[in-house]
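> Here is my input; please provide its structure:
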Amino acid sequence: MHVAVLSAMPVMLPAQGLIIPAGGNVIANNGNIILYSNWVNNGTFTHNGGTLIFAGSVQTLGGTSQPVFNNITIAGTSNTTITATGQMLRGILVSNDTLNANGNLTLLSTAAQTALIDGSGTGEVLGTLTMQRYVASGFGYKYFSSPFQAATVSQFSNDINLADSFPVFYKYDESLVSSGWVIDTASANPLIPLHGYAANLGASSLSKTVDIAGVVSNHTVSLSPVYNHNNPYTLGFNLVGNPYPSPIDWDAATGISRTNVDNAVYYFNAGVTDRYTGTYSSYISGVSSDGVANNIIPAMQGFFVHVSNGTFPVTGSLILNNSARINNLSPIFHWGPGDEANQPLLRLNAGFLTARIPSDPVVVYFENKATPAFDKEFDALKLMNTSAEVPSLYAVSPDNARLSINAIPFPDSITVIPLGLKTDKQGLITFNAVNIMKMPAGLHIYLYDVQTKIYHDLELDPMYQLSLDAGKYETRFSIVFSRNILPADTLPAVNTNNLFDAYSSGKKLFVTADIPTGQKGNMVMYNMIGQAIWKQEISGTGKYQFEPACSSGVYILAFYTNKRVFSKKLFIGN
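All right, here's what the predicted structure looks like:
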């Protein structure tokens, strides 16, 4: 076997193409291969780096082999057709004239990167091709969109069972007075560019690769009209999606036109215990609700936008063109690293103190152009989580908007941000200030609990715990920014190691407590899905021994005294 290794400098093949015969082996490590005639590969081609450039006039990419190309460019003079089946690309395709994919090209997607078509190319990509989308976990619902014209729901038939007795594929209709979700499992139904769709990929948490085939969307794509009918369940939210075979930048200076559409985007995150539920994250103006959702929207990604409030029904439009497209090979599907380096910001989470289950965030940041009321340019609304395992935490603006991201002017002496918390089950809730960034010197940050009269200093102790019954709390908690230290008698007592300690041995639980005279303490044991499975009241100072009636496993033991909560993770068992 003859092996040719190409590296470093471009390989120029003027007035000719390249033929790799059967048994031949060509390895391209870097640099470019420039062809002025046809490519014929009947042997082995290993493309480790560089670009295959078609720079002739009428050319073909053919042969019997099925290599994985790194990058492909069609120069401004070339009309190239792929005649060989099973050709694959892992990098960037640029077409400055015409490429006919001819049903023979797949844009690969892996955990490392997803191939794309460069939106700055001045030519066209014609014919059918296939695009893959890798997802790290196939558990539950994912929001998708089609990067192709005239693709149909049947494209998902090899990834989900469209005939399942419990429907697994949905579109969204904002105009409905009930839930906006509409079953969309008929194979012939279109996947409309710029629309979003929800697909339940199943119960496996293993990674999965979804694929769609069609003729690529290019140039201007519009979605008009979109509506806000102010119906009780849809509330003006519309499920849309990236219409291109490349990522788009939601913050692009050009390429996106929004009429009566707010600036925020909203992503769905599948649950980890129930594949029919999940949580939402949001992004606006450089700020992410969870620190990861951002402005780079991958190919095949569906997401929600909100049509602005006004005189209902409000009509809006969303128009994109190629200027919004970027060449990012590795945005994680639905989220990526945020950019908040220059924002004074507080990110407060609320959740059950259990393994695997995420907490729900609310973000407050400072922006002098913002107002206390809802601002479509700076604030993101709250989409309530559908998982009972995750409470919904949000700020409440003076005009009663529920916000996942709340921009406020820089505080003067004292600023109070009312919080809302909705939980579908009883349990031990932990508030946690996971990020306090770039705050002005001398500004104190408190979580205020009106029921206990506690101003909890989040800078001294970022965590505040308490047990709550299922329900909605919109008048109990608030974030307080103060230029002055609040009165000392409103602050909680400092936790000491002597007040409470606990350990287990086999089935036995040993507790040491130092409770002030006249007060009582309550212990509650929670399993790892947040259910209270054992309670006990104690008083005084001493050592206690118990044997809770529970199966072997890991538990959270919470200890409640006047205005204080302590918790400890324990293993109970043999």
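
> got any ranges where the chain has weak pLDDT?
Scanning the chain for pLDDT under 70 picks out 1-15, 332, 334-342, 354-356, 487-498, 529-530, 562-564, 574.

> so residue 450 makes contact with residue 480?
No. With contact defined as C-beta atoms under 8 Å, residue 450 does not count as touching residue 480 (11.1 Å). Using the backbone N, CA and C atoms, a C-beta is placed for each residue, glycine as well.

> Tell me which of those two has more neighbours.
residue 480 (19 against 11; other C-beta atoms under 10 Å).

> right, and that one touches residue 411 too?
No. Under the criterion of C-beta under 8 Å, residue 480 is not in contact with residue 411, lying 9.4 Å apart.

> what about residue 442, distance to residue 481?
11 Å (C-beta to C-beta, to the nearest Å).

> Looking at the two, which one has more neighbours?
Shown here are residue 442 and residue 481; by other C-beta under 10 Å, residue 481 has more neighbours (22 against 9).

> so when I look at that one, I'm seeing a strand, right?
Yes. Assessed with DSSP: H, G, I helix; E, B strand; the rest coil, residue 481 lies in a strand.

> For residue 226, see how far away it is.
36 Å.

> All the strands of the stretch 351-500 of the chain, in order from the start?
360-366, 380-381, 392-396, 402-408, 414-423, 427-437, 444-449, 454-457, 463-468, 471-473, 477-482, 500-505 (DSSP state E, counting those that start in this stretch).

> Okay, domains of the protein per the record?
Residue ranges for the domains of the chain, per automatic domain parsing: 1-107, 131-339, 345-490, 500-572.

> And the strands of the stretch 351-500 of the chain: which comes nearest residue 543?
Judged by C-beta to C-beta, the one of the strands of the stretch 351-500 of the chain that comes nearest to residue 543 is strand 500-505, at 9.5 Å.

> Parallel or antiparallel, list what pairs with the closest one.
The strands beside strand 500-505 in its sheet (DSSP bridges) come out as strand 508-514 (antiparallel).

> tell me how far the strand it pairs with is from the chain's mean position?
42 Å (C-alpha atoms, centre = their mean, to the nearest Å).

> again with stretch 103-119
Relative to its parent chain, stretch 103-119 has a centroid offset of 21 Å by C-alpha atoms, centre = their mean.

> Can you check my assumption that residue 154 lies in a helix?
Yes. According to three-state DSSP, residue 154 belongs to a helix.

> check contacts around the nearest residue in space to it that is not next to it in sequence.
Nearest non-adjacent residue to residue 154, counting by C-beta to C-beta, 6 or more residues apart in numbering: residue 187, 3.8 Å away. Shown in contact with residue 187 (C-beta atoms under 8 Å, 6 or more residues apart in numbering): 152-154, 157, 162.

> Quick one: the strands in the stretch 101-250 of the chain, in order.
Counting by DSSP E, counting those that start in this stretch, the strands of the stretch 101-250 of the chain are 105-107, 116-117, 124-126, 129-135, 141-144, 148-149, 169-172, 181-183, 197-200, 208-216, 221-228, 237-241, 248-249.

> excluding its backbone neighbours, what's nearest residue 307?
residue 228 (3.7 Å).

> For the one you found, list each beta-bridge partner.
Beta-bridge partners, per DSSP bridges, of residue 228: residue 314.

> what do you get for residue 445?
Beta-bridge pairing for residue 445 (DSSP bridges): residue 481.

> i'd like the first residue to be 18 from this point on
All set: I'll call the first residue 18, so the last point we hit is now residue 462.

> What is the burial count for it?
Using other C-beta under 10 Å: residue 462 sits among 21 other residues.

> And for the one 10 residues further on?
Counted with other C-beta under 10 Å, the neighbours of residue 472 add up to 22.

> ok, now the one 4 residues further on?
Residue neighbour count, defined by other C-beta under 10 Å, stands at 13 for residue 476.

> What separation is there between it and residue 396?
24 Å.
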